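*Asks:* Fold the stuff below for me.
(one chain, ligands or ions: 1)
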Amino acid sequence: MYINASYIKPRTLEEAVALLAAGEARILSGGTDFYPALGDRVVREAVVDVSALTELRGVSREADRFRIGGLTTWSEIIRTPLPRCFDALKSAAREVGGVQIQNRGTVAGNLCNASPAADGVPPLLALDAEVELVSGTGVRRIPLADFIVGSRKTQRKADELLTAVLVPRALENAGSTFVKLGARRYLVISISMVAVVVKLSDDEHVGDRKVLMARVAVGSCSAVARRLRALEGELLGASVRDGLGRVVRPEHLAPLSPIDDVRATAEYRMDASLRLVQRALNSCAESG
Ligand SMILES: Cc1cc2nc3c(=O)[nH]c(=O)nc-3n(C[C@H](O)[C@H](O)[C@H](O)COP(=O)(O)OP(=O)(O)OC[C@H]3O[C@@H](n4cnc5c(N)ncnc54)[C@H](O)[C@@H]3O)c2cc1C
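*Replies:* Have a look, this model is predicted:
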């Protein structure tokens, strides 16, 4: 057996935090971003493999929020019974690679890797999620919207472990939808993706229902996924009778700054995003 002296697999959070406090080390969870990013290089830094920290797995319900353990895999997200506001996150989970990747890849790995095309980010942004970071000096919580600051850049300090993602229960009864556009159906990096969370009034006739709260987030069209706050404001009070998609106008996409790359041109991405936002809002409203 090959033993790398700088590879350590702690069994408890306390042990993991102490190891990270003791000196600079790279964190390894599912490894599905970690290993591909290495290419032909070998790991020279110390590696702290946190995958045995079962205390950081699973979703629990607290008084005013849901706690998604950082090491929860995408397959666990798919399998766990959760309220409708998590439908978008579940759909995104089904889009992360294939089943093998979903069995290994974790929520924390997706957020800390901070790819502009990370499927987990728009649904969690639309849920007003916060991340919880633990180090030897304590615990801090930051809105996800502030945590990811650029392509592959986060506010995480070297000694901090992302232990959980926190979602306020205020959104629990809202509906949610995720749509992703890629160049093919499966195993695809997105050209654009949209997550919406919409809370409607509970009028008996669906056509009479109005928007009480709306969250719209778009990924893959800027270095960091963005919320469309002007659109969210305009959706308030809108009736579902003629579809919510009609509220969306090109200027609502102003926060986006897509690039031309091998997958699509910036112009195509803007056009596609407009249609995806319309489609996601209509579909979310139709499902009540
Ligand atoms: C074939 C393939 C297809 C893929 N398809 C998609 C896709 O469609 N959509 C998508 O979004 N992603 C995709 N991915 C990327 C990847 O699977 C996901 O981003 C996954 O969620 C990463 O989680 P992980 O646990 O494997 O992270 P790791 O690879 O273990 O870690 C990723 C990064 O996060 C850091 N990190 C991990 N855990 C923590 C923690 N708890 N605290 C602090 N830092 C931490 C690591 O140090 C590393 O820098 C794909 C990957 C592969 C190989």
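*Asks:* got the residue ranges for the strands in the stretch 51-200 of the chain?
*Replies:* Secondary structure of the stretch 51-200 of the chain, counting by DSSP state E, counting those that start in this stretch: strands at 59-61, 65-69, 130-135, 138-143, 148-150, 153-154, 161-168, 175-181, 192-200.
*Asks:* between these, which one is nearest to the ligand?
*Replies:* Closest to the ligand of those is strand 161-168 (C-beta to the nearest ligand atom; 3.6 Å). Using the backbone N, CA and C atoms, a C-beta is placed for each residue, glycine as well.
*Asks:* now check that closest one, is it near the ligand?
*Replies:* Yes - using C-beta under 6 Å from any ligand atom, we find that strand 161-168 touches the ligand at 161-162.
*Asks:* So which bits of the chain are right by the ligand?
*Replies:* Residues of the chain lying close to the ligand (C-beta under 6 Å from any ligand atom) are 26-34, 36, 50, 70, 95-97, 101, 104-106, 108-110, 112-113, 118-120, 156, 161-162.
*Asks:* Can you name the residue of the stretch 1-150 of the chain nearest the ligand?
*Replies:* Counting by C-beta to the nearest ligand atom, the stretch 1-150 of the chain gets nearest the ligand through residue 109, at 2.0 Å.
*Asks:* nearest residue to that residue other than its sequence neighbours?
*Replies:* residue 29 (4.4 Å; C-beta to C-beta, 6 or more residues apart in numbering).
*Asks:* residues contacting the one you found?
*Replies:* If you count contacts by C-beta atoms under 8 Å, 6 or more residues apart in numbering, residue 29 has them with 50-51, 70-71, 106, 108-109.
*Asks:* so what pLDDT did the nearest residue to residue 16 once chain neighbours are set aside get?
*Replies:* Once flanking residues are discounted, residue 16 sits nearest to residue 10: 4.2 Å by C-beta to C-beta, 6+ apart. Per-residue pLDDT puts residue 10 at 97.
*Asks:* still on that earlier bit, restricted to helices, list the residues of the chain next to the ligand.
*Replies:* Per DSSP state H, helices hold the following members of these: 34, 36, 95, 101, 104, 108-110, 112-113.
*Asks:* Just the buried ones among these, please.
*Replies:* Buried residues within these, counting neighbours by 16 or more other C-beta atoms under 10 Å: 34, 95, 101, 104, 108-110, 112-113.
*Asks:* ok, back up a step: for the residue of the stretch 1-150 of the chain closest to the ligand, which residues are in contact?
*Replies:* Contact analysis of residue 109 by C-beta under 8 Å, 6+ apart lists 29-30, 32-34.
*Asks:* Make CSV from the residues you listed and add distance to residue 277 and pLDDT to it.
*Replies:* Below are these laid out as CSV (distance: C-beta to C-beta, whole Å; pLDDT from 0 to 100):
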residue, distance to residue 277, pLDDT
29, 31, 98
30, 30, 98
32, 29, 98
33, 27, 97
34, 33, 96
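*Asks:* From the residues you listed, pick the one nearest residue 141.
*Replies:* Comparing those against residue 141 with C-beta to C-beta places residue 29 closest, at 19.7 Å.
*Asks:* And the ones in helices among the residues of the chain next to the ligand, which two are furthest apart?
*Replies:* Taking C-beta to C-beta as the measure, those span a maximum distance of 20.1 Å, between 34 and 95.
*Asks:* Tell me the one of the contacts of residue 109 nearest residue 6?
*Replies:* Using C-beta to C-beta, residue 34 comes nearest to residue 6 of the contacts of residue 109, at 14.5 Å.
*Asks:* and the gap between the closest residue to residue 219 other than its chain neighbours and the ligand?
*Replies:* The shortest distance from residue 219 to any non-neighbouring residue, by C-beta to C-beta, 6+ apart, is to residue 225 (3.8 Å). Counting by C-beta to the nearest ligand atom, to the nearest Å, the gap from residue 225 to the ligand is 11 Å.
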